[in-house]
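Colleague: Quick one, what's the 3D model for this:
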Amino acid sequence: MGMRIPFLKGHGTENDFVIVPDPDNALDLTPADVAALCDRRAGIGADGVLHVVRSAAHPEARGMAAEAEWFMDYRNGDGSIAEMCGNGVRVFARYLQHAGQVPAGDLAVATRGGVKAVHIDKDGDVTVGMGRARLPGADVTVSVADRTWPARNVNMGNPHAVAFVDDLADAGDLRTPPPFSPASVYPDGVNVEFVVDRGPRHVAMRVHERGSGETRSCGTGACAVAVAAARRDGADPAATGIPATYTVDVPGGRLVITERPDGEVEMTGPAVIVAEGEIDSEWLENATP
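Modeller: This next block holds a predicted model:
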C-alpha cells in the first residue's frame, strides 16, 4: 500500500484546482506529477495545482515569511511554474479558512508575484489585492486563423495580451496558444484575452492561459481586461482620483474588478471547496515517467 497524500478540489468561477496541503514542504511535486494530477481523464483533473506551504519552509518564499505565513506554490496544468493566479489565490485563502488555519477577514498570502492582501467576506466572496498593473508600451498583435487584432500589453505579475473583438466566437479554438507578434515582447509566452462589451463598464472575455489552454476563468486576466478597458474608455484612476470598477463575465461566472487611484487592482469573486480525498502515491509514481 502506497503512502496516502491528502488533497482537496476547489474552484473560483470554475477555474479549478487540485489543492495539496504540505505545510513543511515535504513533498517533491515534479512537473510530471502536477501534469498527472491535472489530467482530466487519467488524474483528478484541474487547471492547476495549489501547493500549500508555510513560507518559512519554502526557499522561494522565506524572504516573505515575516509578512505572510503561507505561500501559494502555484503550478499550471502542464506542470510549469506560474508567477501568479488570481482565482487560485481566492481558492487558496478559502482552503486556509476551511482547514481552520485562518478566520474570515484579512490575511496575507505569499506568491511568486509578491505578497497579496486577501479579505474573506462572510457572505462567501473573497477579495484579493492583485497589485498594480504595468502597461508596457510595446505594440502587440494577436491572431486567429487569417484575422489579426491589436492587443493591449498588460502585466499583472504575469503577462497578458488583451484584444477587443466583435464576438467571443472570433477567438476560435483556444486550446492552443494564439500567435502573437512580435515574439520578443513575450519571450516566455503570454496569456491572451479576447473581450467584448456587454454594457457600460461591463465586459465578457475568453482566455487562453499560458500552460493550461482555454480555462473557464482567469483572475489576473480579468484584472488585465478591466485595466485595458478602462484605458480604452479614457478612465485612469491615477490621473482622476476616481476608482474604476468593471464587471467581467468569464465562462465560469462573474468577477468584479476595481482599479484604485493608488494603482492597486482589487478582484472580488467566489471561491468554493468541493471535495476532499487522498492521492495514492503508487498511482502517482506509475503515472509519471
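
Colleague: Would you list the phi and psi of Met64?
Modeller: Per-residue torsions, Met64: phi -100, psi 0 (degrees, to the nearest 10).

Colleague: Let me see the contact set for it.
Modeller: Ser55, Phe71, Ala110, Gly114, Val115 (Cβ atoms under 8 Å, 6 or more residues apart in numbering). Placement of C-beta: from N, CA and C, glycine included.

Colleague: Not counting its neighbours along the chain, what's nearest it?
Modeller: Nearest non-adjacent residue to Met64, counting by Cβ to Cβ, 6 or more residues apart in numbering: Ala110, 4.0 Å away.

Colleague: need the contact list for that neighbour.
Modeller: Per Cβ under 8 Å, 6+ apart, neighbours of Ala110: Ser55, Ala61, Met64, Ala65, Glu67, Ala68, Trp70, Phe71, Met72, Lys116.

Colleague: From those, list the buried ones, please.
Modeller: Buried by 16 or more other Cβ atoms under 10 Å: Ser55, Ala61, Met64, Ala65, Ala68, Trp70, Phe71, Met72, Lys116, out of those.

Colleague: any chance of these in TSV, plus pLDDT?
Modeller: Conversion of the buried ones among the contacts of Ala110 to TSV gives the following (pLDDT from 0 to 100):
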residue	pLDDT
Ser55	98
Ala61	98
Met64	98
Ala65	98
Ala68	98
Trp70	98
Phe71	98
Met72	98
Lys116	94
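
Colleague: Next, format these as JSON lines and append distance to Glu266 and secondary structure.
Modeller: Listed next are those as JSON lines, based on distance: Cβ to Cβ, whole Å; DSSP: H, G, I helix; E, B strand; the rest coil:
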{"residue": "Ser55", "distance to Glu266": "22", "secondary structure": "helix"}
{"residue": "Ala61", "distance to Glu266": "23", "secondary structure": "coil"}
{"residue": "Met64", "distance to Glu266": "20", "secondary structure": "helix"}
{"residue": "Ala65", "distance to Glu266": "24", "secondary structure": "coil"}
{"residue": "Ala68", "distance to Glu266": "17", "secondary structure": "coil"}
{"residue": "Trp70", "distance to Glu266": "20", "secondary structure": "strand"}
{"residue": "Phe71", "distance to Glu266": "21", "secondary structure": "strand"}
{"residue": "Met72", "distance to Glu266": "18", "secondary structure": "strand"}
{"residue": "Lys116", "distance to Glu266": "10", "secondary structure": "strand"}
